[in-house]
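Colleague: just coords:
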């Protein structure tokens with residue numbers, strides 16, 4: 001089964017479900033199409049974003065907590081490796097990459113242009129949400145044949 005890290009921007013923009021590629025990806029994970037690799041760093045950063053006024057004004061406070069609980073209980077949690085420094089534009093992105101390496105992820109799904117320019121890192125393919133959906137759909141189609 002594919003192992004996937006969803007960047008903070010994908011998790012946050014994918015919830016609640018709005019029919020966007022990130023929300024479709026989260027739905028596919030919940031349906032068992034791939035294994036989700038997470039770290040406490042990613043989850044706490046997502047929580048911090050949800051606590052910003054923009055989201056606090058638009059989301060019931062129970063929604064982010066319910067999502068975080070699901071991610072913690074159903075995702076495979078890893079501590080980021082400690083040898084990823086200066087690869088991405090900032091330390092936060094390095095920690096996301098370090099999570100992908102620690103969890104032996106096949107894919108890192110992100111909307112971050114800096115990470116996307118890397119293309120791959122230590123065997124982890126870095127793709128956009130739309131590209132990852134295309135990968136999932138191609139695999140689903142191949143499995144049906």
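Modeller: Perfect, I can see it now. Nothing here was measured: the structure is a model prediction, and the numbers come from that model.
Colleague: mind checking the end-to-end distance for stretch 100-115?
Modeller: Stretch 100-115 stretches 12 Å from its first residue to its last (Cα to Cα, to the nearest Å).
Colleague: same check, this time on stretch 55-63
Modeller: 10 Å.
Colleague: model confidence over it, on average?
Modeller: On average, the pLDDT along stretch 55-63 is 86.
Colleague: run through who's touching that stretch.
Modeller: Here stretch 55-63 makes contact (Cβ atoms under 8 Å, 6 or more residues apart in numbering) with 12, 15-16, 49-50, 64. (C-beta placed from N, C-alpha, C; glycine too.)
Colleague: give me the buried positions along the helix or strand of the chain with the lowest mean pLDDT.
Modeller: Lowest on mean pLDDT, DSSP states H and E among the helices and strands of the chain sits helix 129-144, with a mean of 86. Across helix 129-144, burial judged by 16 or more other Cβ atoms under 10 Å covers 129, 132-133, 135-136.
Colleague: would you list these in JSON lines and tack on distance to residue 42?
Modeller: Formatted as JSON lines, the buried residues of helix 129-144 follow (distance: Cβ to Cβ, whole Å):
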{"residue": "129", "distance to residue 42": "15"}
{"residue": "132", "distance to residue 42": "16"}
{"residue": "133", "distance to residue 42": "20"}
{"residue": "135", "distance to residue 42": "21"}
{"residue": "136", "distance to residue 42": "20"}
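Colleague: residue 68: which of these is nearest?
Modeller: In terms of Cβ to Cβ, no member of the buried residues of helix 129-144 lies closer to residue 68 than residue 129, at 19.7 Å.
Colleague: nearest spatial neighbour of the closest one, skipping sequence neighbours?
Modeller: residue 21 (3.8 Å; Cβ to Cβ, 6 or more residues apart in numbering).
Colleague: residue contacts, the one you found?
Modeller: 128-130, 132-133 are the contacts of residue 21 under Cβ under 8 Å, 6+ apart.
Colleague: ok, now with 10 Å
Modeller: Going by Cβ atoms under 10 Å, 6 or more residues apart in numbering, residue 21 touches 10, 13-14, 109, 111, 128-134.
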